[in-house]
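need a 3D model of the sequence below.
(one chain, ligands or ions: 1)
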Amino acid sequence: MDYKKLVAEQILKTVGEHLSYDDVYNMIEVPKYSEHGDLAFPAFSLAKILRKAPQAIAEDIVAGVEDEHISKAVATGPYANFFLNRDKFADEVLKTVLEQGEHYGDWTFGEGRNVTVDMSSPNIAKPMSMGHLRSTVIGNSIAKLADKVGYNSVKINHLGDWGTQFGKLIVGYKKWGSEEAVLADPIAELLRLYVKFHEEAEEDPELEEQGRAWFKKLEDGDPEAERLWKWFKTESLKEFNRVYDMLGVEFDSYAGEAFYNDKMDEVVDLLETEKIATIDNGATVVHLDNYDLPPALIKKSDGATLYITRDLAAALYRKRNYDFAKSIYVVGNEQANHFRQLKAVLNEMGWDWQEQMQHIPFGLITLGGKKLSTRKGKIVLLEQVLNDSTKLALEQIEAKNPDLPNKEEVAKQVGVGAVVFHDLKNDRMNNFDFVLEDVVQFEGETGPYVQYTRARAMSILRKAGKEIDTTAPIALEDDYAWEVLKLIENYPNVVKFAEEKAEPSVIAKFVISLAQAFNKYYANSRILVEDENLNSRLALVDATQSILKQGLDLLGVESPDEM
Ligand code: ARG
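Residues are numbered from 1 along each chain as shown. I've put the predicted structure just below:
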């Protein structure tokens, strides 16, 4: 039941000649103070048309109201204020939530069409950065939101597994590396070799030449080059997968840059034959002056392809293979121009579907105020962060609930959940600072706070020890319960809004508000007393825990039943 719709219909009875349904619907506000009502309609803009004071219009509107869902309507100055019938509202909303379970808040407008989500996409032989963490968790949540509104998400890990750096890495490995060292600590060792290559190359420029030669061999299918490249990739993936396992993230495809090696010719040929690209000093270039963008370099004069060449082939492949309704790229804001160029080149080809491609950027994470960089070796190992937060969570659990049976498991859910939640609670474009001790806190606007609130609701239900009767009438009058109910009722709209904006923080902020409202209710009412409203109160507790769990799930955060 959409209560705003219901109120809009009542208002239209009076002003329907002058305003459309949509106008009215969009003008309805939620009053700042709940004493003023649950929904309000400002009559100012009608004064001119009706040649009447807004106060009088508001009076007319409330006089015409008649609906059992509205307990009273009052004109307060220029506003028509509506108070909803709390018992009816509680009965309808809670029964819907309990009946629909995890499907509450589902939408169908995605119509089963595919949404590809390019996410995580770290570079082989390099550590996964905090930026890749952001892409992973934001992408994962966006994919879940897409599924929730009826799309079918396709999570793609566009691994950075191709490029001249692999020639350099092979040289580095052959000169200074060993199999044992790589096996012992693959990414750290490969990074060391890569960094060493650059240091040595400053003294000895000849090395760059060797690097290029080995990359050429790799491109030409030289068996040794290929064997080493594949091995670097396998070992790197083993490490990445450990992090994905901890985060509970799975991919539908690991088609990385190398996957497009045999798929680029088609695009490059088309760009040339359609005269979209020009040849400048032997290089293939698309000029994008009309888009206020720098030219896109598609192929170097030595024939080497680039990052964007592979993205062009990938875009076309995804359109053909998945026939996407939306194609999303969750990549840091520093690549904004790359994606503008990518879309512009596709647009030049006349491929309108580039409009369905969306770069979803995000800001930087700083650690204690400092920007993180991999290049200088100042890397924060993601796994380390997740392990540290798990340890911290375990300490807090030991202090709060030492008898908890599966402590280690819960500590992981809380520790990892805390990091993920912290990443998702701010608007994704915001930069934010990461201080582990603030993130793993059971109080404040944190993941553990929301998890803890839900665990508290679960414990109330366990103590009550009885089934909720969803056939009995549900009635809840008090103000604290009312705040919780209004939030619950709005959850489907929150889901829709978050999906449309590709903004998981909308969900994170919602679950924080719901947890806060529930804790106020908990602090101010005696839930477990035996009276005629016990069943109603338990229904509220159950609906709350259910939605907190669902909301956390949309963020990729687990919900322990006890903690
Ligand atoms: N591997 C790239 C990086 O770490 C991100 C790739 C993003 N996806 C894409 N289709 N370009 O910077």
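
which ones are touching Ile70?
By C-beta atoms under 8 Å, 6 or more residues apart in numbering, the residues touching Ile70 are Leu6, Val7, Gln10, Phe82, Phe83, Leu84, Asn85. From N, CA and C alone the C-beta is placed, and that goes for glycine too.

and the second one, what does it touch?
Contacts of Val7 were listed using C-beta under 8 Å, 6+ apart, and they are Ile28, Leu39, Phe41, Ile70, Phe82.

circling back: which one of the contacts of Ile70 has the most neighbours?
The residue in the contacts of Ile70 with the most neighbours, by other C-beta atoms under 10 Å, is Phe82 (29 neighbours).

what sits against it?
By C-beta under 8 Å, 6+ apart, the neighbours of Phe82 are Val7, Gln10, Gly37, Asp38, Leu39, Ala40, Phe41, Val65, Ile70, Lys72, Ala73.

the helix ranked longest in the chain packs against which elements?
For the chain, the longest helix by residue count, based on DSSP state H, is helix 223-247. If you count contacts as 3 or more C-beta pairs under 8 Å, 6 or more residues apart in numbering; DSSP states H and E, helix 223-247 packs onto helix 130-148, helix 165-176, helix 179-184, helix 186-203, helix 206-219, helix 382-400, helix 407-425.

count of neighbours near Trp231?
Around Trp231 there are 15 residues (other C-beta under 10 Å).

all helices in the stretch 401-550 of the chain, in order from the N-terminus.
Per DSSP state H, counting those that start in this stretch, the stretch 401-550 of the chain has helices spanning 407-425, 436-439, 447-464, 479-501, 505-524, 534-555. These are given in chain order.

ok, which of the ones you listed comes nearest the ligand?
helix 407-425 (16.8 Å; C-beta to the nearest ligand atom).

for the residue lying closest to Asn85 once chain neighbours are set aside, which three-state class applies?
Counting by C-beta to C-beta, 6 or more residues apart in numbering, Ser71 is the residue found nearest to Asn85 once chain neighbours are left out, at 4.3 Å. Assigned with DSSP: H, G, I helix; E, B strand; the rest coil, Ser71 falls in the strand class.

interface residues of the stretch 151-300 of the chain facing the ligand?
Proximity of the stretch 151-300 of the chain to the ligand (C-beta under 6 Å from any ligand atom) is limited to residues His158, Gly160.

how many neighbours does the closest residue to the ligand within the stretch 151-300 of the chain have?
Of all residues in the stretch 151-300 of the chain, the one sitting closest to the ligand is Gly160 (3.4 Å; C-beta to the nearest ligand atom). Residues lying near Gly160 (other C-beta under 10 Å) number 19.

test my guess that it contacts Asp118.
No - contact between Gly160 and Asp118 fails when scored by C-beta atoms under 8 Å: they sit 11.9 Å apart.

by proximity to the ligand, which residue of the stretch 201-350 of the chain wins?
Closest point on the stretch 201-350 of the chain to the ligand, by C-beta to the nearest ligand atom, is Val331, at 4.4 Å.

hmm, that residue is touching Pro361, no?
Yes - counting by C-beta under 8 Å, Val331 does reach Pro361; the two are 6.8 Å apart.

out of these two, which sits in the busier spot?
Val331 (25 against 18).

got a list of what the more buried one touches?
Per C-beta under 8 Å, 6+ apart, neighbours of Val331: Asp118, Ser121, Ser135, Phe339, His359, Ile360, Pro361.

any idea how far Asn123 is from Glu348?
28 Å (C-beta to C-beta, to the nearest Å).

then Leu50?
Counting by C-beta to C-beta, the gap from Leu50 to Glu348 is 52 Å.

go on, Asp22?
Counting by C-beta to C-beta - Asp22 and Glu348 are separated by 37 Å.

of the contacts of Val331, closest to the ligand?
Ser121 (3.7 Å).

in space, what's closest to that closest one - neighbours in sequence excluded?
His158 (4.2 Å).

again with Ser505
Asp427 (5.2 Å).

phi and psi next, for the one you found.
When quoted as degrees, to the nearest 10, the phi and psi of Asp427 stand at phi -50, psi 140.

I'd like to know how far it sits from Leu548.
21 Å.
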